[in-house]
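J.: Just a sequence and a predicted model for now, questions to come.
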Amino acid sequence: MEKRSSLEVLAGIYSFALLAALTMAPTTGTAYLLWIGNFLPICSTHAFHIAAIAVATAEGLFITFVAWRSYMSSGEPFLRWLTLAFLGFSLVYAPHGFLTAAADTHLMLFLLYGPFSRLVNAICMLAAILSYGAPPDPPDRRAGTAYWLCAIALFIAIDVAILALSPVAANPLLRIVPEAAACALTAASAAFLFIRLVNRSLMLNIGIAVAYFAQSSFAFLLSRPWTHLWWFAHVVFASGFMLVSFAVIRVFLSTHSFATVFNLDEVMEQLRATRDNLAQLASTDFLTGSANRRHFFERAHEEAARAEREGCCISFLAIDLDHFKAINDNHSHGAGDEVLRQITAAWRTLLRPSDLIGRVGGEEFLVMLPRIPAADAMAVAERLRQITAEQKIAFEGKAVTVTASVGVAEYVPGGPTVEKVLQTADRRLYAAKAQGRNRVIAASR
Ligand code: GH3
Ligand code: MG
Ligand code: MG
């Protein structure tokens, strides 16, 4: 991993602190309202409450539909649970609006739909988060009409059950227990997300949203109906709801799947990796992993410019394997390939990271040795020649051997160009061939 500068580390800490502050912002609002201690009802206008719940229900059903469409396309279990979360919340919450008029006479009954809808939402959100990354439901098994009808029936049954509770609805525990359970489940979901999944594209939205749901339930637990804190708790829940629905819309408009939708960081990371990969492919010989001709010459010119600046030298070796055609003829082309691979690998064990091997022909190579004068390069060339002759390359039960001829030439600042020096190395290589092969020649006779 790349070393990060201290500013980058500081920026990382700042971004973490921002995220923590943003996630916990609702609780500062709750603390403030508790601190100023205004527990008087401020707005109990029924019409406003009915309108607000109508908007929330309509929005909930719209997002349910959008999430369902994405689920049907990708089959992602996360989206199936998210669809259920929206559907369950909308259906269980709707009577809270219808019963606004009953608030004056049956306050607890009116209130109960809130905590129960948030509990249904919390359970489905937790199931969604735990199913994140699970394999998609296959197209023929994607939840059919019966599945959704059962879900709708279940949610309506919850509404009816709450209504049936009306004779005992005065018991405050009926409101506190589901709210506390919703608070605990969403807090657990948020913790799980922040520890495990928050770096996965839109899961950050989901993480903040469930943290808001938890804080909304917390504020509801501490509030009395129609007070500032009670309205504020609605706003906190709505904010979480909007964050999740924003993510659902982004997914719908892109890949229809939370697991494959990317955030900008992920896209940039993939682009960088692709670029590095392409650069590597474009500069490397596939068989031996050596530099290709173009890349070798580019590097040689860069190195020559540096040698000019620093006043140092570069040595070049031109290497050609001897009677290589015979290896192909006597064994096979596959054996020849294996020889090329293993000989270059053996050379690499003798060279330094700053040296460069380039494959410039079938069995012709150039080696660049920066900052090495010809006298030392001669010794390197001799070791390369030796290790080549010593290799016994096993191929289909036979040991194949090969030798190499090498020409050495030195580039010095102010002297002949890289091309001229390479021509000299080549001439010396052919002199080595002429003198019987398997030898190194470093100076013209
Ligand atoms: P010399 O000692 O004079 O260099 O003889 P040579 O046989 O090595 O030289 P020549 O140029 O006659 O033949 C080179 C052979 O290398 C011919 C070609 O089939 C083979 N060759 C070139 N590229 C590859 C390759 O990628 N794989 C294999 N297996 N053989 C290759
Ligand atoms: Mg050859
Ligand atoms: Mg050749």
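T.: Great, that's in hand. Ligands and ions are numbered 1, 2, ... in the order given.
J.: Let me know the distance separating residue 157 from ligand 3.
T.: 84 Å (CB to the ion, to the nearest Å). Every C-beta, even on glycine, is put in place using the N, C-alpha and C of the backbone.
J.: Show me which residues of whichever strand or helix holds that residue are buried.
T.: Using DSSP states H and E, residue 157 sits within helix 145-164. Buried residues in helix 145-164, counting neighbours by 16 or more other CB atoms under 10 Å, are found at 148, 151, 155, 158-159, 162.
J.: Of these, just say which sits nearest to ligand 2.
T.: residue 148 (72.6 Å; CB to the ion).
J.: Tell me the pLDDT of that closest one.
T.: Here the pLDDT value assigned to residue 148 is 93.
J.: and the helix-or-strand element of the chain with minimal mean pLDDT, what other elements does it pack with?
T.: Lowest mean confidence among the helices and strands of the chain (mean pLDDT, DSSP states H and E): helix 264-283, at a mean of 86. If you count contacts as 3 or more CB pairs under 8 Å, 6 or more residues apart in numbering; DSSP states H and E, helix 264-283 packs onto helix 293-310.
J.: Residue 75 and residue 143 touch, don't they?
T.: No: between residue 75 and residue 143 there is no contact under CB atoms under 8 Å: 9.1 Å.
J.: list the residues that contact both of those two?
T.: residue 137 (CB atoms under 8 Å, 6 or more residues apart in numbering).
J.: for stretch 277-297, the distance to its chain's centre please.
T.: Here stretch 277-297 is found 28 Å from its chain centre; the criterion is CA atoms, centre = their mean, to the nearest Å.
J.: all strands in the protein, in order from the N-terminus.
T.: Using DSSP state E, the strands of the chain run over 314-321, 356-359, 364-370, 393-395, 398-400, 404-411, 440-441.
J.: tell me the angle the third one makes with helix 293-310.
T.: Interaxial angle, strand 364-370 versus helix 293-310 (axes from the mean of the first three to the mean of the last three CA atoms, to 10 degrees): 20 degrees.
J.: Contacts made by strand 364-370 with the rest, please.
T.: With CB under 8 Å, 6+ apart, strand 364-370 has contacts from 290, 296, 299-300, 303, 306-307, 312, 314-320, 344, 347, 351, 354-360, 376-377, 380, 384, 422, 425.
J.: Swap in 6 Å and give it another go.
T.: Residues outside strand 364-370 that contact it (CB atoms under 6 Å, 6 or more residues apart in numbering) are 296, 300, 303, 314-320, 354-360, 377.
J.: cool, the shortest one as well?
T.: Identification of contacts with strand 440-441 by CB under 6 Å, 6+ apart yields 381-382, 385, 406-407, 428, 431-432.
J.: Need the residue closest to the centroid of this structure.
T.: By CA atoms, centre = their mean, the chain has its centre lying nearest to residue 266, at 4.6 Å.
J.: Against ligand 3, how distant is the residue lying closest to residue 398 once chain neighbours are set aside?
T.: In space, and not counting its chain neighbours, residue 398 is closest to residue 331: 6.7 Å by CB to CB, 6 or more residues apart in numbering. Here residue 331 is placed at a distance of 18 Å from ligand 3 (CB to the ion).
J.: where exactly do the helices run in this protein?
T.: 6-36, 46-74, 77-98, 107-130, 145-164, 173-196, 203-222, 228-253, 264-283, 293-310, 324-330, 333-350, 374-390, 418-434 (DSSP state H).
J.: could I get these as JSON lines with distance to residue 136?
T.: Listed next are the helices of the chain as JSON lines, based on distance: least, CB to CB, whole Å:
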{"stretch": "helix 6-36", "distance to residue 136": "30"}
{"stretch": "helix 46-74", "distance to residue 136": "6"}
{"stretch": "helix 77-98", "distance to residue 136": "7"}
{"stretch": "helix 107-130", "distance to residue 136": "14"}
{"stretch": "helix 145-164", "distance to residue 136": "15"}
{"stretch": "helix 173-196", "distance to residue 136": "20"}
{"stretch": "helix 203-222", "distance to residue 136": "17"}
{"stretch": "helix 228-253", "distance to residue 136": "14"}
{"stretch": "helix 264-283", "distance to residue 136": "20"}
{"stretch": "helix 293-310", "distance to residue 136": "42"}
{"stretch": "helix 324-330", "distance to residue 136": "50"}
{"stretch": "helix 333-350", "distance to residue 136": "41"}
{"stretch": "helix 374-390", "distance to residue 136": "53"}
{"stretch": "helix 418-434", "distance to residue 136": "56"}
